[in-house]
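Engineer: no sequence on hand, only this structure:
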């Protein structure tokens, strides 16, 4: 049985999982397709203990010297980083460029985030100043709210960072984002084949395009995914297709995925992600239909029971209590925490019934 | 048969000695007085033709030993659709259509080539794409076949699924089935045989063993066969599914030769991407090296690929403050995963440092593990060995000519980016082989009589001995004297006669299609009294000698630059079309081991980025280099004091 840990479940409602491969490529360096980064520049800047701007040392052009401290206190520690040849050349021709060096949270090793423009330096300062106030339950919301205005910025690096950060926003936010960003800010990434793993957000934004060809591309891509058994970006193409052709897409999911014994666990997990996202933050009015889909999904992919149970518990839907209880009674290899998720759902729906509380 | 140098040298020495006798009539030596009339009976009269009876290499054979085709999984995943057959046809001068649909042809045919597809999953993806019936029994492979043939996005998705499957250990069984590999290897070697045309165009059977030990530390080696398919196909290539340890590769080579009676050698490449591991002075698992280890490495790794598309690894500028030309096409951000490089790693990545460490190890252990010659290659992954600046077809199909390629991301690992303009249009290998056959070329490689260029076909001769005189540089046929009085690149100097310093006859002739020559340099490395290796670069011959003079430190003014950046043209009005000289080591110590190799520099010419800018009408960023001083690097000549 395919394992899907709860740690992943914790972020399942966020969009980030859609941007990844939905599963398992771990740090495979590939010159053909560039892996989706696990950490963004913002992660490094916000987590770092000290952040400095640096340039090559005029006395030793292969070593960095700090030119400004943007965060924390620089302790004169050796960066132990080589000024590589391309960066050295860049610094020679751009007197206003710097590299961004970040010391890890423990005050240990330094990381080179690479050359940046003066615009990015200012942006980084602002990000760190504002980001220092992001705490508690609102932190994630404040974070994507900060990045939204930078989406599509002229500076490539700021633009890329905003893209990655907005990919972490809830789907409810993403599905309104298209109104604020020009099509060209996300359409380009759909043409860069090496960045195929980065396309998730762009695909969801494409679903908000008024261009007929874009909408057709989504339907065609979902069709292609179904025909060829594609997993890459399947969740995003499915979610996008649900946006523009709800009933038709649901019909195809039921027939093409739940009605076929040949679908792989990865495909079915991707389909669940798309349905879950819509049920939670996209189109809650679809829940009746989605719950029906979940029933069929569990028949094909009982390993997704924890994820389904958690959705249903949040949505306060009791229809699949018995189905999930039966799955739990059968031999399985769920982790302890996954069993608890299913049991919680079964317990809460049972309690609600006995208390006479109506579930949807 | 490998060239027997002792015999050749003896005949030539006799001939040279006899010719002197004819002029002098009587010579008195330690052996007594020799009369010219008496000597005539022992020496065949030289024929009128100076070329008749010649049995030494008289022209470099051009080729490369590191080209990937669609039979490499990463190449085909990146869109390469040219297989070995198209690659051979292109290398021998035929026009082909590239994977991105562009017609392309070499300016001149190559003489030989070794296609070195990755042994890991060699050919099998190409077979999946082609829908080979045996593979289509597997549902996953059937699915990937459909995806590869559906469109570029679907093909890329298939590549990603394959990577995922490999990461999970869920690779469909046929992909790792030895019988499938056997069939592919048999076909791969048979195609090489089919295109092998002795005397005209040689195909060396080869594969790349691609160890990325430790997460992207490049320990890759190309294995080059002397043998034909009948021998090479008897043993399956080593893969990194079996081991990532180069020492295991040496064992595999030993076993191959023992089983088949064949011959193989290994060529490491991209030490610059090994993060300090390629020329580490310890064993693979971190133990001190032994004399036996050093001898084993020297036995199998006769050559090193010093220049290719992912950087030139002769010397890093931070390690050679006095080398004004070291900063050349350097890739030093990190390893293959762009895991950042720390300064100390550089000491164990570059050829010159390895040569120096080799002297130190020789001094300590009595054997030199880094006694290798130099070659250049493209490492292109599109089946196109196109290393000329004005005909550069990139590394992958994604970097084939387009207005955007200079600014696109060639690599992006977790935000650590290498831009397209950083790719180098490099390089080729000149082999001093006596004839254009597998045996002759491989033998020349084995004796390290090779040199690397960054693309142009510069002809370089380099001989070392103790008796070269300035007069020897006046000849139009330096090799006659070179072989008669000395040893060629890749060899060892003989014992130093009392009171004599080594002399070197070095000559270079420009590529007819490329720039004039700026200068010839000899790079010397030696051990100081503390046993630490030192290096020095000598400018020994240069163009525009009337205007350019050495200063007190031996430095030479720059040759100038005639490149027209608006048109991507240049004029050969500076530099020289050919250079030749005899140079004597002014600091020779017969008690000190040393190496000497030659670096020949061209005058500045347009880099491929400038051709792109002009042809596509794009404006490059100011950080993008638009001119280049192409160059050649010969294999060294070593001197080892007697008894050391």
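Structural biologist: Yes, it's here. Just so we're clear, the structure is a prediction, and the values are computed from it rather than from any experiment.
Engineer: and the residue of the stretch 251-360 of chain A found nearest chain B, how many neighbours does it have?
Structural biologist: Residue nearest to chain B within the stretch 251-360 of chain A: residue A:262 (7.4 Å; CB to the nearest CB). In this view, the C-beta of every residue, glycine as well, is placed from N, C-alpha and C. Other residues near residue A:262 come to 9 when the count uses other CB atoms under 10 Å in any protein chain shown.
Engineer: need the phi and psi values for it.
Structural biologist: Backbone torsions of residue A:262, given as degrees, to the nearest 10, read phi -90, psi -10.
Engineer: my guess is it contacts residue B:139. True?
Structural biologist: Yes - contact status for residue A:262 versus residue B:139: in contact at 7.4 Å, counting by CB atoms under 8 Å.
Engineer: and the gap between residue A:241 and residue A:222?
Structural biologist: The gap separating residue A:241 from residue A:222 is 4 Å, by CB to CB, to the nearest Å.
Engineer: what do those two both touch?
Structural biologist: Shared contacts of residue A:241 and residue A:222, defined by CB atoms under 8 Å, 6 or more residues apart in numbering or on different chains, comprise residue A:249.
Engineer: per-residue pLDDT, residue 320?
Structural biologist: As the question left the chain open, I've gone with chain A. With respect to pLDDT, residue A:320 scores 94.
Engineer: actually, chain B is the one I wanted.
Structural biologist: Predicted confidence (pLDDT) for residue B:320: 96.
Engineer: ok now do it, which residues does it touch?
Structural biologist: Residues touching residue B:320, when contacts are defined by CB under 8 Å, 6+ apart, comprise B:326, B:352, B:535, B:537.
Engineer: looking at those, which are in strands?
Structural biologist: By the criterion of DSSP state E, membership of the contacts of residue B:320 in strands covers B:535, B:537.
Engineer: the nearest residue to residue B:396 once chain neighbours are set aside: neighbour count?
Structural biologist: Nearest residue to residue B:396, sequence neighbours excluded (CB to CB, 6 or more residues apart in numbering or on different chains): residue B:78, at 4.2 Å. Burial of residue B:78 is recorded as 27 neighbouring residues (other CB under 10 Å).
Engineer: for the contacts of residue B:320, pick the one with the most neighbours.
Structural biologist: residue B:352 leads the contacts of residue B:320 on contacts (other CB under 10 Å) with 26 neighbours.
Engineer: quick check: that one touching residue B:533?
Structural biologist: No - counting by CB under 8 Å, residue B:352 stays clear of residue B:533, with 9.5 Å between them.
Engineer: tell me how many other residues crowd residue B:85.
Structural biologist: What residue B:85 shows, counting by other CB under 10 Å, is a neighbour count of 15.
Engineer: contacting residues for it?
Structural biologist: If you count contacts by CB under 8 Å, 6+ apart, residue B:85 has them with B:191, B:195.
Engineer: just residue A:304 next, same as before
Structural biologist: If you count contacts by CB under 8 Å, 6+ apart, then residue A:304 has A:4, A:268, A:269, A:272, A:297, A:298 around it.
Engineer: show me the contacts for the last one.
Structural biologist: Shown in contact with residue A:298 (CB under 8 Å, 6+ apart): A:304, A:305, A:308, A:320, A:323, A:324, A:327.
Engineer: make it 7 Å
Structural biologist: Residues in contact with residue A:298 (CB atoms under 7 Å, 6 or more residues apart in numbering or on different chains) are A:304, A:305, A:308, A:323, A:327.
Engineer: can you tell me the SS state at the fourth one?
Structural biologist: On the three-state scheme (DSSP: H, G, I helix; E, B strand; the rest coil), residue A:323 is labelled helix.
Engineer: that one: how many residues sit nearby?
Structural biologist: Residue A:323 has 18 neighbouring residues, counting by other CB under 10 Å.
Engineer: with adjacent residues omitted, what lies nearest to it?
Structural biologist: When the adjacent residues along the chain are set aside, residue A:323 lies closest to residue A:298, with 5.8 Å between them (CB to CB, 6+ apart).
Engineer: phi, psi of the one you found?
Structural biologist: Dihedral pair for residue A:298: phi -70, psi -30, per degrees, to the nearest 10.
Engineer: tell me the pLDDT at it?
Structural biologist: The per-residue confidence score, pLDDT, reads 95 for residue A:298.
Engineer: so for stretch B:513-529, what gets flagged as buried?
Structural biologist: Under the neighbour-count criterion of 16 or more other CB atoms under 10 Å in any protein chain shown, stretch B:513-529 has B:514-527 buried.
Engineer: quick check: mean pLDDT across that stretch?
Structural biologist: 97.
Engineer: now swap in stretch A:352-359 and tell me
Structural biologist: Throughout stretch A:352-359, pLDDT has a mean value of 67.
Engineer: repeat that for stretch A:188-201.
Structural biologist: 88.
Engineer: with residue A:199 as the reference, measure out to the residue of the stretch 451-600 of chain B found nearest chain A.
Structural biologist: Taking CB to the nearest CB as the measure, the point where the stretch 451-600 of chain B comes nearest chain A is residue B:565, at 14.7 Å. As judged by CB to CB, residue B:565 and residue A:199 stand 38 Å apart.
Engineer: more crowded one of those two?
Structural biologist: For the pair residue B:565 and residue A:199, the greater number of neighbours falls to residue A:199 (25 against 15), based on other CB under 10 Å.
Engineer: what sits against that one?
Structural biologist: Applying CB under 7 Å, 6+ apart to residue A:199 gives the contacts A:189, A:190, A:233, A:236.
Engineer: from residue B:450, how far out is the second one?
Structural biologist: Translated: residue A:190. In this structure, residue A:190 and residue B:450 are separated by 47 Å, where distance is defined by CB to CB.
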